[in-house]
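K.L.:
Okay, structure incoming, though there's no sequence with it:
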């Protein structure tokens with residue numbers, strides 16, 4: 001199981017939202033926990049460490065979910081291995097939590113956002129909510145937006161219009177592909193670079209609150 005850190009309320013209730021956050025390339029599992037204030041207070045928040053050391057690929061002292069080849073292309077073998085590691089982690093995680101979790105929110109920044117979106121498309125209907133913050137739609141044979149693969153998943157994708165690392169054009173092409181497949185996609189552009197802005201966090205907070213309320217309402221019917 002991947003190493004991870006978590007913030008779980010002391011009075012966590014069964015059915016509480018489970019928010020799994022995937023860090024970006026060259027970062028680590030501590031990076032996104034500071035976003036906890038923008039998520040529901042009752043949520044269980046978990047952030048795993050990516051499986052690959054970043055240094056051999058020139059990514060610094062942190063970790064990576066796959067080796068990046070350029071454009072929107074991950075190196076196929078490491079991408080597949082990273083996805084399998086994430087799949088195993090998500091399967092094992094509920095048994096490590098103090099209570100049975102409710103709806104899964106899988107999100108991430110940059111490479112983490114790319115990985116979160118890819119996992120949802122590879123496992124249709126298993127991820128109710130996805131947060132892709134400055135990631136892209138990976139060019140990999142296992143990741144294809146179709147009516148079948150987007151069904152049952154609501155997606156928030158925020159991206160900076162001046163992003164020098166993952167160009168805004170990649171967001172626009174990803175948005176178009178997801179919309180063509182009929183995805184429940186909320187796409188937001190921000191006048192920013194490769195970062196998460198306060199405006200984006202406010203939008204995430206509003207979107208997530210609305211979607212979780214819808215999920216709870218549907219469950220009660």
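P.N.:
Thanks, I have the structure now. Predicted, not measured: the structure shown is a model, and the values here were computed from it.
K.L.:
where does stretch 194-213 sit relative to the chain's centre, distance-wise?
P.N.:
Computed by C-alpha atoms, centre = their mean, to the nearest Å, the chain-centroid distance of stretch 194-213 equals 13 Å.
K.L.:
Compute the mean per-residue pLDDT across that stretch, please.
P.N.:
Stretch 194-213 comes out with an average pLDDT of 96.
K.L.:
Ok, stretch 89-107 next?
P.N.:
On average, stretch 89-107 scores 97.
K.L.:
ok, and for it, which residues are buried?
P.N.:
Neighbour counts over stretch 89-107 (16 or more other C-beta atoms under 10 Å) mark 89, 90, 93, 97, 99, 101, 102, 103, 104, 105, 106, 107 as buried. C-beta coordinates here come from the backbone N, C-alpha and C atoms, glycine included.
K.L.:
Quick one: list the elements packing against the helix or strand containing residue 131.
P.N.:
Per DSSP states H and E: residue 131 is located in strand 129-133. Identification of packing neighbours for strand 129-133 by 3 or more C-beta pairs under 8 Å, 6 or more residues apart in numbering; DSSP states H and E yields strand 104-109, helix 111-122, strand 154-160, helix 198-220.
K.L.:
so which of the ones you listed gets nearest residue 189?
P.N.:
Set against residue 189 and scored by C-beta to C-beta, the helices and strands packed on strand 129-133 come closest in strand 154-160, at 6.1 Å.
K.L.:
what about that closest one, average pLDDT?
P.N.:
Per-residue scores along strand 154-160 average to 98.
K.L.:
Give the partner strands of it in its sheet and their orientations.
P.N.:
Paired neighbours of strand 154-160 in the sheet (DSSP bridges): strand 129-133 (parallel), strand 184-190 (parallel).
K.L.:
Export the ones you listed to a markdown table and append columns for distance to residue 54, mean neighbour count and mean pLDDT.
P.N.:
Putting the strands paired with strand 154-160 into a markdown table (distance: least, C-beta to C-beta, whole Å; neighbours: other C-beta atoms under 10 Å; pLDDT from 0 to 100) gives the following:
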| stretch | distance to residue 54 | mean neighbour count | mean pLDDT |
| --- | --- | --- | --- |
| strand 129-133 | 19 | 27 | 98 |
| strand 184-190 | 26 | 18 | 98 |
